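J.: Sequence and predicted model, in that order:
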Amino acid sequence: MNWNTITEHISAATGQAFTAQSVQALSGGDINAAFRLQDTHKSYFVKLNRVERVAMFAAEFAGLQALAQTQTLRMPAPVVYGQSNSHSFLVLEYLELGRSHPASDRLLGQQLARLHQQVQPYFGWHRDNTIGSTLQRNTHTADWLSFWREHRLGFQLQLAIKNGYGGRLQNKGERLCSELGVFFTSYMPTPSLLHGDLWAGNAATDRQGQPVVFDPACYYGDREADLAMTELFGGFSQDFYAAYQEIWALNEGYRVRKSLYNLYHILNHLNLFGDNYLRQAENGIIALLSEIGVTRS
């Protein structure tokens, strides 16, 4: 890998000359390759992908900027994105991480609630982005049910057809989409600014004990969608959830709707990673239909 293009972009973006004296490969990502670039004074975190993936990094850069502007959550500061002859890249502030503890978990819960209090009069965002490496459409929509039906569940189900997952998954999925209103009979979501991809792997604590989040897939949507994903892959601590509830309590119907929201991510994993997620997706749809009394095939 020739790092000259990236270091030149870093120097131009920061106004300070930077020459990488060491390059360390980092582990942890399924979508991108990650590296730490370091000179005698400064380190940067760099993500690499194929040249045609530069739009993915542009959207992540915009998401990090949007989160930073709220002054609620902490995230690595975006430095620059671009492409060389062989790769697209995203350069971020490099953060030294430490161990989480109850105080940092509580603070993250409070900060997330305050992020969700940043609202707009529409659902969606000013641009499309990605969830993993899958396109995530964020077309401005006035109605949440239409947004979730068309741009979230419907989009993933159509992608599943292209990937060879039809039949039962599609039949049940289409039935669920037609019945979405039942989940919202006494609840009207607010268009809150969401992180959008907030699972345990995208949150950490720095050396000073401050919570940090990574890899946003921002849009304005139901805040329950963010909370639901925190429960999908391992979950966060009870201190986190208690602190969130103290600032903005969740509606009672969240108990069921969280499965509706996490179905989006399960379908996305099916489309990204294949058959291992098919049974989970089908069973999730069946369970949701059962919750609203739909049992016919």
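T.: That came in fine, so what should we check first?

J.: per-residue confidence for the residue nearest in space to the middle of the chain?
T.: Nearest residue to the geometric centre of the chain (CA atoms, centre = their mean): D197, 1.7 Å. Note on D197: pLDDT of 97.

J.: same thing with M1?
T.: M1 is given a pLDDT of 78.

J.: dump the residue contacts of it.
T.: Applying CB atoms under 8 Å, 6 or more residues apart in numbering to M1 gives the contacts 23, 48, 86-87. Yep, even glycine has a C-beta here, placed from its N, CA and C like the rest.

J.: where along the stretch 1-150 of the chain do the helices fall?
T.: Counting by DSSP state H, counting those that start in this stretch, the stretch 1-150 of the chain has helices at residues 4-14, 54-70, 102-116, 144-147.

J.: Dump the C-alpha coordinates for the third one into CSV.
T.: So the one you mean is helix 102-116. Only the C-alpha atoms of helix 102-116 are listed here, as CSV (Å, rounded to 0.1, in the frame of the first residue of the first chain):
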residue,chain,number,x,y,z
PRO,A,102,-21.2,2.1,35.4
ALA,A,103,-20.6,5.8,35.3
SER,A,104,-19.6,5.8,31.7
ASP,A,105,-22.5,3.5,30.8
ARG,A,106,-24.9,5.9,32.6
LEU,A,107,-23.4,8.9,30.8
LEU,A,108,-23.8,7.2,27.4
GLY,A,109,-27.5,6.6,28.2
GLN,A,110,-28.0,10.2,29.1
GLN,A,111,-26.1,11.4,26.0
LEU,A,112,-28.1,9.2,23.7
ALA,A,113,-31.4,10.5,25.1
ARG,A,114,-30.2,14.0,24.5
LEU,A,115,-29.2,13.1,20.9
HIS,A,116,-32.7,11.8,20.3
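
J.: pLDDT of that helix, averaged?
T.: On average, the pLDDT along helix 102-116 is 98.

J.: With the first one instead?
T.: Summarised as a single mean, pLDDT over helix 4-14 is 96.

J.: elements contacting the longest helix along the chain?
T.: Criterion DSSP state H: the longest helix present in the chain is helix 254-273. On a contact count with 3 or more CB pairs under 8 Å, 6 or more residues apart in numbering; DSSP states H and E, helix 254-273 meets strand 134-136, helix 154-162, helix 223-230, helix 278-291.

J.: Of those, give the one that comes closest to T72.
T.: helix 223-230 (12.3 Å; CB to CB).

J.: Mind listing what's buried along the next helix or strand after the closest one?
T.: The helix or strand immediately downstream of helix 223-230 is helix 238-247, counting by DSSP states H and E. Neighbour-count burial for helix 238-247 flags 239-241, 243-244 (criterion: 16 or more other CB atoms under 10 Å).

J.: so how far is stretch 177-188 from its chain's centroid?
T.: In terms of CA atoms, centre = their mean, to the nearest Å, the centre of stretch 177-188 is found 23 Å from the chain centre.

J.: What of stretch 78-93?
T.: Centroid displacement of stretch 78-93 relative to its chain, using CA atoms, centre = their mean, is 19 Å.

J.: same question, stretch 203-222
T.: With CA atoms, centre = their mean, you get 10 Å for stretch 203-222.

J.: what about dumping the CA coordinates of that stretch to CSV?
T.: In CSV, the C-alpha atoms belonging to stretch 203-222 read as follows (Å, rounded to 0.1, in the frame of the first residue of the first chain):
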residue,chain,number,x,y,z
ALA,A,203,-19.6,2.0,21.5
ALA,A,204,-16.6,2.1,23.8
THR,A,205,-15.0,4.2,26.5
ASP,A,206,-11.8,6.3,26.2
ARG,A,207,-8.9,6.4,28.7
GLN,A,208,-10.6,9.3,30.5
GLY,A,209,-13.8,7.3,31.1
GLN,A,210,-15.9,9.1,28.5
PRO,A,211,-18.2,7.1,26.2
VAL,A,212,-17.4,7.1,22.5
VAL,A,213,-19.5,5.9,19.6
PHE,A,214,-18.4,4.9,16.1
ASP,A,215,-19.6,4.1,12.6
PRO,A,216,-22.9,6.0,12.4
ALA,A,217,-25.6,5.4,9.8
CYS,A,218,-27.6,8.6,10.7
TYR,A,219,-31.1,9.6,9.8
TYR,A,220,-34.2,11.0,11.5
GLY,A,221,-36.4,8.2,12.8
ASP,A,222,-38.1,6.7,15.8
